[in-house]
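>>> For reference, the sequence and a predicted model appear below.
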Amino acid sequence: MRKPIFAANWKMNNLSGDVVEFFKVLGDSTLHLNDREIIVAPSFPYLKMSVKNSEDKNIIIAAQDVYPEAEGAFTGMVGGEMLNDLGVGAVVVGHSERRHVFGESLELIRKKVKFTQENNWKLIFCVGETLQERETGHLFEVIKEQIYTAFDQNLWCENEMAVVAYEPVWAIGTGVVASPEQAQEMHLFIRKIMKERYDREETRILYGGSVKPDNIKGLMDCEDIDGALVGGASLKADSFKKLFLYDR
Ligand code: PEP
């Protein structure tokens with residue numbers, strides 16, 4: 001049984017007032033949700049207050065990134081000891097904005113994946129192809145390479161601690177959502193890799209890219225979609241609630 005996950009990625013949005021409001025509006029809606037997991041990833045400055053404001057709400061607070069060192073001379077970075085000190089329970093790694101806007105290499109992403117596993121934070125590992133890669137028929141090899149380079153065959157933590165998010169780059173923040181058929185096709189492909197290479201068929205695979213209250217059901221009805229990683233529609237609690245409480 002793969003418990004669905006609904007994860008909010010706020011990116012570089014939401015200030016202190018928004019954070020307080022978000023958790024206030026969520027109220028106790030997440031408290032007794034034992035058949036799904038809720039994760040919220042605020043930006044670094046708001047991690048501490050998010051941990052505090054989500055206390056007793058049955059929510060995991062995630063960092064949107066980590067520098068894969070415990071501490072040291074890495075100006076501008078946030079490392080392992082800091083995330084532990086802040087009370088973070090999960091980390092997003094390999095988001096397409098990190099890959100494409102900040103030029104993160106496959107090797108750096110691999111280090112971050114390893115570091116996340118070593119620190120026992122839940123990993124939300126993002127993969128996704130660009131429109132050009134899809135249109136030229138390279139989508140499957142791109143996703144395969146992103147997974148193969150990130151995970152060593154024998155470096156793999158407990159099942160529930162590692163989550164893959166399929167986020168086609170052309171669907172992120174564009175309003176163009178992948179059709180349930182397109183998403184299902186890729187999720188099935190990813191599940192096969194997880195099974196054949198890592199013996200982890202039960203890995204949860206989330207879809208991300210313009211998920212909204214009006215398209216969540218079609219996506220969640222797909223056999224291999226185990227939840228959503230959501231940007232824009234997760235910034236306000238009312239909209240995020242409509243996603244994790246969608247009409248099944
Ligand atoms: C994301 O940033 O992970 C994302 C999926 O964004 P959006 O929902 O806004 O497309």
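Thanks, I have the structure now.

>>> What are the buried residues along stretch 220-227?
Of the residues in stretch 220-227, those scored as buried under the neighbour-count criterion (16 or more other C-beta atoms under 10 Å) are 220, 222, 224-227. For the C-beta atoms, the positions are set from N, CA and C on the backbone; glycine is no exception.

>>> Does the ligand have contacts with that stretch?
No. Under the criterion of C-beta under 6 Å from any ligand atom, the ligand is not reached by stretch 220-227; the shortest gap measures 12.1 Å.

>>> Work out the gap between that stretch and the centre of the chain.
Centroid separation between stretch 220-227 and its chain, computed with C-alpha atoms, centre = their mean, to the nearest Å, is 15 Å.

>>> How about stretch 74-87?
If you compare the mean C-alpha spot of stretch 74-87 with that of the full chain, they lie 19 Å apart, counting by C-alpha atoms, centre = their mean.

>>> Give me the contact list for it.
Stretch 74-87 has contacts (C-beta atoms under 8 Å, 6 or more residues apart in numbering) with 44, 47-48, 51, 61, 63, 65-72, 91, 115, 119, 121.

>>> Looking at the chain, which residue is nearest the ligand?
As assessed by C-beta to the nearest ligand atom, the ligand sits closest to Gly231 within the chain, at 2.3 Å.

>>> So what's the residue count around that residue?
Other residues within reach of Gly231, judged by other C-beta atoms under 10 Å, total 21.

>>> Touching, it and Gly208? I think so.
Yes. In terms of C-beta atoms under 8 Å, Gly231 counts as a neighbour of Gly208; the distance is 7.4 Å.

>>> what do those two both touch?
Listed contacts common to Gly231 and Gly208 are 9, 172; contacts here mean C-beta under 8 Å, 6+ apart.

>>> one step back: if you look at the buried residues of stretch 220-227, which of them are in helices?
The subset of the buried residues of stretch 220-227 located in helices under the criterion DSSP state H comprises Met220.

>>> Skipping adjacent residues, who's closest to Glu97 in space?
Take Glu97 and drop its neighbours on the chain: the residue closest to it by C-beta to C-beta, 6 or more residues apart in numbering is Lys11, 7.2 Å away.

>>> And what about that neighbour, helix, strand or coil?
Secondary structure for Lys11, judged by DSSP: H, G, I helix; E, B strand; the rest coil, is coil.

>>> Much appreciated, bye for now.
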